[in-house]
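*Asks:* Let's see this in three dimensions:
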Amino acid sequence: MIICNCLFTSEKTDMKDFYKVLCDEGLVEGSRADKGNVMYDFFISADDPKKMMLIEKWESVEDLQAHSETELFQKFRPICKQYEVKSKLAMYEE
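*Replies:* Got it, this is the predicted structure:
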């Protein structure tokens, strides 16, 4: 099992708005439907609306790699740039 914790931060964008964009673009639903996805959940900070954590769980490294190569995933970086959202990723193997 591969676990990815991704922290999103922004000086300008409220994460409720950013999450809505990700949903509207189909990134959340599409990622949850990808082969090998076990968990794909977002948590907005109770103390800072400009911070959000994504916790992902994947059955294998191969499934995570295939996810990152999808056409849908390729939309992700441009959206982050457009909304001035930075991300920091930590990956673990369980």
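
*Asks:* switch to C-alpha atoms for all contacts and neighbour counts from now on
*Replies:* OK.

*Asks:* so what's the backbone phi/psi at the closest residue to Tyr40 other than its chain neighbours?
*Replies:* Counting by C-alpha to C-alpha, 6 or more residues apart in numbering, Tyr40 lies nearest to Glu56, which is 4.5 Å off, once chain neighbours are set aside. Main-chain dihedrals, Glu56, degrees, to the nearest 10: phi -120, psi 140.

*Asks:* ok, what's across the strand from Glu56?
*Replies:* The partner list for Glu56 in beta bridges (DSSP bridges) reads Cys4, Tyr40.

*Asks:* how many other residues sit next to it?
*Replies:* Per other C-alpha atoms under 10 Å, the neighbour tally for Glu56 reads 20.

*Asks:* right, and it touches Asp34 too?
*Replies:* No. Glu56 lies out of contact with Asp34 (C-alpha atoms under 8 Å); the separation is 11.7 Å.

*Asks:* Work out for me the element the residue most central in space within the chain sits within.
*Replies:* Closest residue to the average C-alpha location of the chain: Leu54 at 5.2 Å, with C-alpha atoms, centre = their mean. For Leu54, the element it lies in under DSSP states H and E is strand 51-58.

*Asks:* ok, and what's touching the helix or strand following that strand?
*Replies:* Under the assignment DSSP H and E, the closest C-terminal helix or strand after strand 51-58 is helix 61-68. Contacts to helix 61-68, defined as C-alpha atoms under 8 Å, 6 or more residues apart in numbering, come from residues 1-2, 31, 34-37, 58, 73-74.
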